[in-house]
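[1] what would the 3D arrangement of this be:
(one chain, ligands or ions: 1)
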Amino acid sequence: MSITSAVRTVDHLVIGAGFAGLCAAIKLDQAGEKDFVVVERGSDVGGTWRDNTYPGAACDVPSQLYSFSFAPNPDWSMSFSPQPEIQRYIQRTAQASGTLDRFRFETTVDDATWDADQQRWIVRTSPVAGGDPTTYAARTLISGAGGLSEPKLPEIEGIGSFGGELFHSARWNHDVDLTGKRVAIIGTGASSIQIVPAIQPKVAHLDVYQRTAPWVMPRHDRTYSSLEKAALRHVPGLQKVYREAIYWGRESYVLPFTRMPAILAPVQRVALGNIHKGIADPELRAKVTPDFTMGCKRILISNTYYPALAADNCDVVTDGITRVTPTGIVTTDGAGHEVEREVDVLIVATGFHTTELPITEHITGREGHTLAQQFDETGMSAYKGTTVPGFPNLFLIVGPNTGLGHSSMVFMIESQVSYVVDAVRTMRAHDYGTVEVTERAERAFHADVQARMRPTVWSTGGCASWYLDKHGHNTTLWPRSTFAFRALTRSFDVAAYTVTAPVPTTSTTPDRKVVNA
Ligand code: NAP
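    Now for the predicted structure:
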């Protein structure tokens, strides 16, 4: 049976309205590329900052840096702003940009397929709540779908049979009142260490299931005074200087992370001091002391996590989880003894699908296979984290090896978006129908990234982390300075690409009808 659907022709289709998609929209618009659509499955901008509403959610990168360089905010209340403030910032920036008229919310991308004859991405989208689908034919496809968008649920026997409330940290159920409840949280990553101190005072009992103890540094947070905010607003250049100072402070972590992990020994001692300050019990101190080199996993910051673990109503459980029952969690200790702890609410703070990006399953390239299939064969990899052979006119923002362990992802996003906008400008200026990175350029880039990855703390630090894929390759982090990445993405290097002339336009009407088999 064949169906007929309306096809809307656009120059650019952007997937996602988080920091990445919004930045792409703003910069395309500013470059005069007005004909684009942003497709977002959520009902608002914000991406991960819209979705992660768990108690205690805040950014662990200072807000002065974790914000757009072109949209400074003198009104941050604190150095590490809470989630609602970041979400409001993203909403305000989107409003002020004048691009929201081209955002399609509550719309999901079903699939995007390269059509070589038309030199366009045919992108089928559907309203999340059901209704008529819309198909777009776009010259370029820009994915800002994000690396931390798909919650990863733990594969634990019996978890589906749990009879109490169960939810992921990134899909917090605000209808569940935790007051006086027996609560368990699985995971001790960046999300969990913010949740634990926020909920511990109100619950009857909290079991924290720890598989690997993280390194947790003191959090040097503070509230900005009205005077400071006024100065940031009115003193010319002050906010920029402040941002630069934070940037370079953060950048000083690159050398120890990438080449000399031993330099972090004094920092590691500060983190050990944080354990001693927060916890008096030697047994608990030993339990939460990490057994890998600092930096191998994300370094966390908190002044309240350890005191919460030390509270009378909290237990840190390090025995392996065997199964979940309808009423609780069963663990097995080293001697093979099983213990069941009953709980009313089970929170899984077990992270995200990072090395198998879900959006890649929906994008089918020139050779007829999906990006996920290609990545499964070659490992997740993209030239400058952005372009992939076999996928013409596709640009990935926050693509492979663009993540950071030390600084602001917004900086990386701005770098990538400027590269993409320059690619679009180049295509227009030279009348290219397609640009596709050569396999040779991509392979050379990948080899360089992986060679640089070998001495890094992420490879040598003795931990298993979400930075590594199933083959043990780090396909998520950028192993150099962020200014090196900025230099690489400053302008579109067409020499690394195969370009083709545009196909003649067969129709003068912007909207056409096609028949999908
Ligand atoms: P995460 O760092 O991946 O942590 C997941 C936790 O769950 C780990 O402790 C992991 O243990 C544990 N876990 C996973 N599967 C498990 C299982 N089957 N059984 C027992 N334990 C299991 O996830 P996250 O805390 O949500 O953070 C993800 C990323 O989001 C961060 O690295 C960061 O980039 C970002 N984030 C940022 C902020 C911020 O302030 N900017 C805040 C929150 C999150 P193992 O360590 O043993 O694997």
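[2] pLDDT of the longest strand along the chain, averaged?
    Looking across the chain with DSSP state E, the single longest strand is strand 3-15. What strand 3-15 shows for mean pLDDT is 84.
[3] least trustworthy helix or strand in this structure by mean pLDDT?
    strand 511-516 (a mean of 34; mean pLDDT, DSSP states H and E).
[4] what helices or strands is the longest strand of the chain leaning on?
    With contacts defined as 3 or more CB pairs under 8 Å, 6 or more residues apart in numbering; DSSP states H and E, strand 3-15 has these neighbours: helix 19-30, strand 36-39, strand 107-115, strand 120-127, strand 134-143, strand 511-516. Yep, even glycine has a C-beta here, placed from its N, CA and C like the rest.
[5] one more time with 7 Å
    helix 19-30, strand 36-39, strand 134-143, strand 511-516 (3 or more CB pairs under 7 Å, 6 or more residues apart in numbering; DSSP states H and E).
[6] select, out of the ones you listed, the one closest to the ligand.
    Closest to the ligand of the helices and strands packed on strand 3-15, according to CB to the nearest ligand atom: helix 19-30, at 11.7 Å.
[7] how many other residues sit next to the closest residue to the ligand within the stretch 51-200 of the chain?
    Using CB to the nearest ligand atom, the closest approach of the stretch 51-200 of the chain to the ligand is made by residue 189 at 2.2 Å. Residues within reach of residue 189, counting by other CB atoms under 10 Å, total 20.
[8] once you drop chain neighbours, what's closest to it?
    Computed as CB to CB, 6 or more residues apart in numbering, the closest residue to residue 189 that is not its neighbour in sequence is residue 351, at 5.9 Å.
[9] okay, the angle between the longest strand of the chain and strand 107-115?
    100 degrees (axes from the mean of the first three to the mean of the last three CA atoms, to 10 degrees).
[10] tell me the strands beside strand 3-15, with direction?
    Strand 3-15 pairs in its sheet with strand 36-39 (parallel), strand 134-143 (parallel), strand 511-516 (antiparallel), by DSSP bridges.
[11] in it, what's buried?
    For strand 3-15, a neighbour-count test (16 or more other CB atoms under 10 Å) marks 7, 8, 9, 10, 11, 12, 13, 14, 15 as buried.
[12] next up, the contacts around residue 199.
    Applying CB atoms under 7 Å, 6 or more residues apart in numbering to residue 199 gives the contacts 55, 178, 183, 206.
[13] columns pLDDT on top of those, output as a markdown table?
    Output for the contacts of residue 199, formatted as a markdown table (pLDDT from 0 to 100):
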| residue | pLDDT |
| --- | --- |
| 55 | 98 |
| 178 | 98 |
| 183 | 98 |
| 206 | 98 |
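[14] which pair in those residues spans the largest distance?
    The distance between the two most remote of the contacts of residue 199 (CB to CB) is 12.3 Å, for 55 and 206.
[15] neighbour count winner among the two?
    Ranked by neighbour count (other CB under 10 Å), residue 55 and residue 206 place residue 206 first, with 27 against 16.
[16] what's the local residue count around the residue in the stretch 351-500 of the chain that the ligand sits nearest to?
    Residue nearest to the ligand within the stretch 351-500 of the chain: residue 351 (2.5 Å; CB to the nearest ligand atom). By the measure other CB under 10 Å, the count of residues near residue 351 is 22.
[17] give the contact list for it.
    Residue 351 neighbours (CB under 7 Å, 6+ apart): 152, 187, 189, 466.
[18] do the same with residue 102
    25, 36, 37, 38.
[19] next up, the contacts around the last one.
    When the contact criterion is CB under 7 Å, 6+ apart, the partners of residue 38 are 14, 17, 21, 25, 102, 103, 104.
[20] no further questions, thank you.
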